[in-house]
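Novice: structure here, sequence nowhere to be found:
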């Protein structure tokens, strides 16, 4: 529909515009958006103008553009992310209240762990995770759970690809990752000591649907020297209660 | 850009497609989307197909369409909603932990109160609020705060419009609403007993930016016979801590 001479659709262009916004780049000029989206200036101005008119983007007093509250509302109110998050939230709060450390919910999205929620105390330790942020499957405890219980195709694709290190302890060797995934399946949880940041250890457990398929991971980020038994116990019980709240378990 | 013969832009059509999804209608066929968005069938199928290809919408095993996780991620990760919510969350959790009732964060959006967050205990009472849901300004405690501290234009527009009742106690008379708004400004908080549901009372306080302008409302929904003093005290201190976290107050 409405393809440009270069063959990309308006939807492609819209996606490219939205992708220029990041957690650390939340406001931009229309010209910056155009440049970063690889769009001709006049096209960028027209498209941004239309998106501002509909409220999908917003223009501030300095005429800089940001993601519109209307877009957030429309993308959120009927999303699968919201349903899963709302079901898990009371139990994530319980975990967070008991262990007083970061508690997180992630799903598999485009070969990465996408974080739907993160709860923290003001006094929790270091944690790079953001809501609507992503982490690599091979490095994060959530990612290891999603990968270990994912499809064979997913596993082979990740094992065959480049395993980038985030710290000196991140697993970067395919054979070692294969052994780690077998361990995660055997234990029913993942422990990622220092894989993301040297000062912390991630622990994660699976959330399953009624068929037993893993649909999400619940995780906690603890100081490196913390005991993991109690957090794992709390995460497992939160996962079971979330499955029950979603109607996947009696 | 790429206007159709009827003069609406692709962005308009995209907005109409997204608006067919609601909190209670999260999956639809492409034909249903087309009908509800008022688009010709072929146009709807093409546009939906493109949106699925980019991941902004998703197609399930039954070929039904839902909001894509990618759209949620792009709309959330750099949104103003997320920043405000992340700043307020630790203090909302504190309120919720102490009063054990629904705790909420709302902003003004298109003459309504839009809820960015809602925390609840499994044992909290009745509450119609949803994340990314809306309530009328004249009926909800959050809305009354946003309206009372809003611009004169906003107030006159709402006062001149129809004030629909949600219960027998909702204020529907413009003169009574004007008096209520003066009371909210005088007290620095809003109390809405039975305006939304007869069984509950909403209480809300403002969150202000560095200029003193009200940018959000923090609220709690309590059983109708609950004491409001402690919840209001907790909400006020959460509002101050949120303002501090946002850099609006030392």
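Specialist: Everything's here; your move. Keep in mind that this is a model prediction, so the values were computed, not measured. Residues are numbered from 1 along each chain as shown, chains lettered A, B, ... in the order given.

Novice: alpha carbons only for contacts and neighbour counts from here, please
Specialist: Will do.

Novice: any residue of the helix ranked longest in chain A touching chain B?
Specialist: Assignment by DSSP state H gives helix A:80-99 as the longest helix of chain A. Yes. Counting by CA under 8 Å from any CA of the partner chain, chain B has neighbours in helix A:80-99: A:80-81, A:89-90.

Novice: possible to save the residues you listed as CSV with neighbour count?
Specialist: Formatted as CSV, the residues of helix A:80-99 next to chain B follow (neighbours: other CA atoms under 10 Å in any protein chain shown):
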residue, neighbour count
A:80, 18
A:81, 23
A:89, 23
A:90, 18
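
Novice: nearest to residue A:132, of these?
Specialist: Set against residue A:132, the nearest of the residues of helix A:80-99 next to chain B by CA to CA is residue A:81 (9.9 Å).

Novice: grab the nearest non-local neighbour of that closest one.
Specialist: The shortest distance from residue A:81 to any non-neighbouring residue, by CA to CA, 6 or more residues apart in numbering or on different chains, is to residue A:116 (6.4 Å).

Novice: that neighbour contacts residue A:80, doesn't it?
Specialist: No. Using CA atoms under 8 Å, residue A:116 is not in contact with residue A:80, being 10.2 Å away.

Novice: what residues are shared contacts of these two?
Specialist: Counting by CA atoms under 8 Å, 6 or more residues apart in numbering or on different chains, no residue touches both residue A:116 and residue A:80.

Novice: helix/strand/coil for the closest residue to residue A:166 other than its chain neighbours?
Specialist: Residue nearest to residue A:166 in three dimensions, not counting chain neighbours: residue A:196, with 5.5 Å by CA to CA, 6+ apart. Three-state assignment for residue A:196 (DSSP: H, G, I helix; E, B strand; the rest coil): coil.

Novice: got any ranges where chain A has weak pLDDT?
Specialist: In the prediction, chain A carries residues with pLDDT under 70 at positions A:1-7, A:121-123, A:125.

Novice: residues touching the residue nearest the centre of it, list them.
Specialist: By CA atoms, centre = their mean, chain A has its centre lying nearest to residue A:114, at 1.6 Å. By CA under 8 Å, 6+ apart, the contact set of residue A:114 is A:106-108, A:132-135.

Novice: ok so, going back, quick check: the residue nearest to residue A:166 touching residue A:168?
Specialist: No. Residue A:196 lies out of contact with residue A:168 (CA under 8 Å); the separation is 9.3 Å.

Novice: between the two, point out the one with more neighbours.
Specialist: Neighbour tally, residue A:196 and residue A:168, criterion other CA atoms under 10 Å in any protein chain shown: the higher count belongs to residue A:196, 25 against 12.

Novice: distance check, the more buried one against chain B.
Specialist: In this view, residue A:196 and chain B are 20 Å apart by CA to the nearest CA, to the nearest Å.

Novice: so who does that residue touch?
Specialist: Taking CA under 8 Å, 6+ apart, we find residue A:196 in contact with A:139-140, A:166-167, A:170.

Novice: can you give me the strands in chain A?
Specialist: Secondary structure of chain A by DSSP state E: the strands cover A:57-59, A:65-67, A:102-109, A:112-119, A:134-136, A:190-193, A:200-208, A:214-223.

Novice: relative to residue B:126, which of those is closest?
Specialist: strand A:112-119 (24.0 Å).

Novice: pull out the buried positions in stretch A:58-77.
Specialist: A:58-59, A:65-77 (16 or more other CA atoms under 10 Å in any protein chain shown).

Novice: filter those down to the ones close to chain B.
Specialist: Counting by CA under 8 Å from any CA, A:66-69, A:71-77 from the buried residues of stretch A:58-77 sit close to chain B.

Novice: which ones among the residues you listed map onto helices?
Specialist: A:69, A:71-77.

Novice: okay, the residues you listed in JSON lines with distance to residue A:41 next?
Specialist: Converted to JSON lines, these look like this (distance: CA to CA, whole Å):
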{"residue": "A:69", "distance to residue A:41": "25"}
{"residue": "A:71", "distance to residue A:41": "23"}
{"residue": "A:72", "distance to residue A:41": "26"}
{"residue": "A:73", "distance to residue A:41": "28"}
{"residue": "A:74", "distance to residue A:41": "28"}
{"residue": "A:75", "distance to residue A:41": "27"}
{"residue": "A:76", "distance to residue A:41": "30"}
{"residue": "A:77", "distance to residue A:41": "33"}
